[in-house]
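1. Predicted structure and sequence below. I'll ask about it afterward.
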Amino acid sequence: MPDTEQRLREIEERVSKATPGPWYAKATDDASFMNAMYVSTHPGPFEHDNRRGMDPTAPDHDASHVVAITLLQTPLLADVADAKWDENTEFIAHAREDVPWLLSLLRERDEEIRRLREALDWLVHLNRGVSRGGGAPSMVEWEDAWQNAEWLVRGEQP
């Protein structure tokens, strides 16, 4: 099984190196007035712009905002066989914000698991009859342990 922490660090590094977002799904035409789809840093809706946005000879052509091309028919450089151009364009565009959000959620969950394990470990030690002082746990230690566990479960600090 791969090292999860290492994998998360690698993903976080790729996120930090990528072009800043947000990214937007775009639809335009190529040089032959055929549909073209791409991901852009320019805001706007995912609807056809009725331009030749992927035509380098067009007077208003500007490739500086293009992050990825998902359909380019002339020249034929991107035309996935399953014809999921819209879906792929949306996926890539949203990945710029979805991946960091998921990473953040995973980090929060990891911290919550760590806190809960800490509370559980202390309760297990008390259940085995071992107090912090080494002797049998007192009723006060049990009450403190349960109160701390309840706080940790709620995400609060004891």
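-> Nice, I can see it.
2. can you pull the contacts of the nearest residue to residue 44 once chain neighbours are set aside?
-> Using Cβ to Cβ, 6 or more residues apart in numbering and skipping the chain neighbours, the partner closest in space to residue 44 is residue 24 (5.9 Å). (Glycine included, C-beta is placed from N, CA and C.) Residue 24 makes contact with 39, 40, 41, 42, 43, 44, 46, 93, according to Cβ atoms under 8 Å, 6 or more residues apart in numbering.
3. any idea which helix or strand of the protein has the worst average confidence?
-> Every helix and strand in the chain was compared by mean pLDDT, DSSP states H and E; the lowest is helix 139-153, with a mean of 77.
4. how about the strands in the protein?
-> Counting by DSSP state E, one finds strands in the chain at the ranges 24-29, 35-40, 66-72, 78-79.
5. any chance of these in CSV, with distance to residue 147 and mean pLDDT too?
-> Written out in CSV, the entries for the strands of the chain read as follows (distance: least, Cβ to Cβ, whole Å; pLDDT from 0 to 100):
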stretch, distance to residue 147, mean pLDDT
strand 24-29, 50, 96
strand 35-40, 51, 96
strand 66-72, 51, 96
strand 78-79, 59, 92
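6. just checking, what packs against whichever helix in the chain runs longest?
-> The residue-count maximum for a helix in the chain (DSSP state H) belongs to helix 85-127. Judged by 3 or more Cβ pairs under 8 Å, 6 or more residues apart in numbering; DSSP states H and E, the packing partners of helix 85-127 are helix 4-17, strand 24-29, strand 35-40, strand 66-72, helix 139-153.
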